[in-house]
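K.L.:
what's the 3D shape of this:
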Amino acid sequence: MRITVRQISVFKRCIYRYEGGEWMIKLVITDLDDTLYSWIGFFIPAFYDMVQELSILIDTPEEELLKEYKVIHQKMGSVEYPYATLNLPSVKEKYYGMSDEQVKAQLNPAFHKFNAARKKLLKLYPGVKETLNFFYEHNIIIVAYTESAEENGLYRLKKLEIDKYFKDIYVSDSQFRCSNSIQLSMNKHIVHGKKPNADVLKEICCGENISVNEAVYIGDSLTKDMMMAKQAGIISIWCDFSRDDTKELYSKLVAISHWTEEDFQQEQRYKNEWRENEYSPDYTIHDFGECRKIISRINNV
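P.N.:
The predicted model follows:
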């Protein structure tokens, strides 16, 4: 790996007392969706497979169903609202008078389509498990910070069999009770507010009894993850895992998204702030395994 002048300055910022083989980076804070795995890469295909099957089951055009989903997602503030399908006007009209359990049984083929696609497509990015294991074996604390609600973030960590590496997980508020079937191997904390929120990163460091100078933050979004890390004074590692199909998947996401016009305007303000402050990530990686090399260099290992 080639070391730049800017990266050398990061090393200098991190170098302080190094005694008895103690590592200088003691805490890794990582985003989850589209950082450890491709969220958009599994969710959008799975969702549209479900809608296609639902369209057949209730004899309603897919375009109409997508519009109905968008309304509910915006109302609930999440594209992963678990009861959206049961509350679609077309579904309520089709199964008027039936209980939710009866409707679920009728729609099981559609839900099966979603689950089958998710099982096939939800995969860790290359190098993730090996890198997390490396941190774990070297006693570097690993915590997750995600805007996903707990029932989604926890499910994916368990499904991908990496939950054991995390000491804590910081998740967004959820209107729904997490399934009791999810056995936690880490402590759960509720985070209020949305990214970018530098105070949250500082609070995480404080809660872990680690200085911000001893932490790194890993994420995929420049205007949220990286700007938040820069403002908190934490070393930032940007995961630039661009894919050829991302643009098409993103367009499909926007079609059903909970994002409002105000959300898009806010995102533009973040982009302007990023440019005006001339921010840049301390490191940019194209493979998660590069995180191991970066922290090994900082820690002089």
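
K.L.:
where does pLDDT dip in the stretch 51-200 of the chain?
P.N.:
173-186 (pLDDT under 70).

K.L.:
can you give me the helices for it?
P.N.:
62-76, 89-94, 100-106, 108-121, 128-137, 150-159, 198-207 (DSSP state H, counting those that start in this stretch).

K.L.:
next up, phi/psi of the closest residue to residue 233 other than its chain neighbours, please.
P.N.:
By the measure of CB to CB, 6 or more residues apart in numbering, the closest residue to residue 233 outside its immediate chain neighbours is residue 212, 4.9 Å from it. In this view, the C-beta of every residue, glycine as well, is placed from N, C-alpha and C. Dihedral angles of residue 212 (phi, psi; degrees, to the nearest 10) stand at phi -60, psi -30.

K.L.:
and the gap between residue 212 and residue 42?
P.N.:
Going from residue 212 to residue 42 by CB to CB, to the nearest Å gives 33 Å.

K.L.:
report the contact partners of the residue positioned nearest the centre of the chain.
P.N.:
Computing the C-alpha centroid of the chain and ranking residues by CA atoms, centre = their mean puts residue 33 first, at 2.5 Å. Applying CB atoms under 8 Å, 6 or more residues apart in numbering to residue 33 gives the contacts 39, 146-148, 156, 220.

K.L.:
low pLDDT regions in the stretch 201-301 of the chain?
P.N.:
For the stretch 201-301 of the chain, counting by pLDDT under 70, the residues that fall below are 301.

K.L.:
where do the strands sit along it?
P.N.:
215-219, 235-239, 283-285 (DSSP state E, counting those that start in this stretch).

K.L.:
deepest-packed of those, please.
P.N.:
strand 215-219 (a mean of 26; mean count of other CB atoms under 10 Å).

K.L.:
any chance of a markdown table for the strands of the stretch 201-301 of the chain, columns distance to residue 71?
P.N.:
A markdown table is the format used below for the strands of the stretch 201-301 of the chain (distance: least, CB to CB, whole Å):
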| stretch | distance to residue 71 |
| --- | --- |
| strand 215-219 | 30 |
| strand 235-239 | 32 |
| strand 283-285 | 38 |
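
K.L.:
thank you kindly, that will do.
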